[in-house]
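Engineer: 3D, please:
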Amino acid sequence: MPLKKPADNVITGLMKDGSIDAMYSKLSTQPVPPKEFSLDFPLSEDMRALFKNPNDKALDWP
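Structural biologist: This next block holds a predicted model:
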């Protein structure tokens, strides 16, 4: 997969420098135009932990 490594590097960089937090907040907790609808879906502590320690493993649900 020729695009996997560059994509992983970009996403991992966003997670490590904290940019992903602002992006997530903008898309998931703030009003979205044109109707100013908000999903009101804050970042969970589990997701925060994953953002701090990124990996390429699939999520294992209990």
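Engineer: Would you list the phi and psi of residue 37?
Structural biologist: phi -80, psi 140 (degrees, to the nearest 10).
Engineer: Can you tell me how far it is from residue 29?
Structural biologist: According to C-beta to C-beta, to the nearest Å, residue 37 and residue 29 sit 12 Å apart. For glycine as for every other residue, the C-beta is placed from the backbone atoms N, C-alpha and C.
Engineer: between those two, who's got more neighbours?
Structural biologist: residue 29 (13 against 9; other C-beta atoms under 10 Å).
Engineer: In this structure residue 8 contacts residue 56, no?
Structural biologist: Yes - judged on C-beta atoms under 8 Å, residue 8 makes contact with residue 56 at a distance of 6.1 Å.
Engineer: Neighbour count for these two, which is higher?
Structural biologist: Between residue 8 and residue 56, residue 8 has the larger neighbour count (other C-beta under 10 Å), namely 14 against 10.
Engineer: Report the mean per-residue pLDDT for the host helix or strand of that one.
Structural biologist: Secondary structure from DSSP states H and E places residue 8 in helix 4-17. For helix 4-17, mean pLDDT rounds to 93.
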